[in-house]
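**Q** Could you look at this predicted model? Sequence included:
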Amino acid sequence: TLFEILGSSWQAVHESKLVRAIGGEKISETLRSVLPNRTDRIVDLQYIPHVSADNTILGVYILTADVTERETSAKALRKSEARYRSIIDTMAETYYETDDTGKLTFVSPAVTEVLGYTPSEVVGRDMADLYTDPTKRTEFLKVLGENGGVTRDYLVELRRKDGTNVWISGNSRYLFADDG
């Protein structure tokens, strides 16, 4: 029964929601419940008025879905993303990603120290535009392809925001989207 899923102490709350739903209100909520076997569950609940063609309330549908696994996975993903973000945001090296056209899609905050740009100033730009000689980007991509999509300690000269040049030693790896 619903009370077995949500626990008997939930009955008073359930009754007040039923009264509101009988009044025509649709209610959706997510609740945490401890089952009699002391198992924590997260449940999505919907109270949906059953309305006739002439707008008479005939009853209330109560829909429940155990979303514990979904919520647990979402929480783990948020924790992992926060950890990744913390590492990226505090590392001294610049981490960047480009799409298959060479446009920068992500740049870590360290780019400010290295090149003088904020991440928002370079995201969307073509990576070749940061090279002192844009043709060197093509050479780099050729070497990357010849080495199975990996380079180590590859030297390239980039132009800083203030116009000065800086030599960068970088490690690169192809990252592919799920669809290849």
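**A** The structure has been received and is ready for your questions.
**Q** Downstream of the least confident helix or strand in the chain by mean pLDDT, the next helix or strand is which one?
**A** Lowest mean confidence among the helices and strands of the chain (mean pLDDT, DSSP states H and E): helix 2-6, at a mean of 57. Remark: after helix 2-6, the chain's next helix or strand is helix 11-22, criterion DSSP states H and E.
**Q** what mean pLDDT would you report for that following helix?
**A** For helix 11-22, the mean per-residue pLDDT is 80.
**Q** Can you check which strand is longest in the protein?
**A** The longest strand of the chain (DSSP state E) is strand 40-51.
**Q** How many residues are close by Ile88?
**A** 16 (other C-beta atoms under 10 Å). For every residue, glycine as well, the C-beta is placed using N, CA and C.
**Q** Setting aside sequence neighbours, what's the nearest residue to it?
**A** Distance criterion C-beta to C-beta, 6 or more residues apart in numbering; nearest residue to Ile88, sequence neighbours excluded, is Ser108 at 4.9 Å.
**Q** Mind pulling up the pLDDT for that neighbour?
**A** Reading off the model, Ser108 has pLDDT 95.
**Q** next one: Ile62
**A** 88.
**Q** quick one: it and Ile48, what's the gap?
**A** 8 Å (C-beta to C-beta, to the nearest Å).
**Q** any weak-confidence spans in the chain?
**A** Along the chain, segments meeting pLDDT under 70 span 1-13, 179-180.
**Q** Give me the residue at the spatial middle of it.
**A** Glu81 (6.8 Å; C-alpha atoms, centre = their mean).
**Q** Look at that one and give its secondary structure.
**A** Counting by DSSP: H, G, I helix; E, B strand; the rest coil, the backbone at Glu81 sits in helix.
**Q** what's around Lys136, how many residues?
**A** For Lys136, the count of nearby residues is 15 (other C-beta under 10 Å).
**Q** pretty sure it is in contact with Val156, am I right?
**A** Yes - applying C-beta atoms under 8 Å as the test, Lys136 and Val156 come out as touching, 6.1 Å apart.
**Q** residues near Asp89, how many?
**A** When neighbours are defined as other C-beta under 10 Å, Asp89 has 11 of them.
**Q** Who are the contact partners of the closest residue in space to it that isn't next to it in sequence?
**A** Of all residues not flanking Asp89 in the chain, Pro109 sits nearest, at 5.6 Å (C-beta to C-beta, 6+ apart). Shown in contact with Pro109 (C-beta atoms under 8 Å, 6 or more residues apart in numbering): Ile88, Asp89, Thr118, Pro119.
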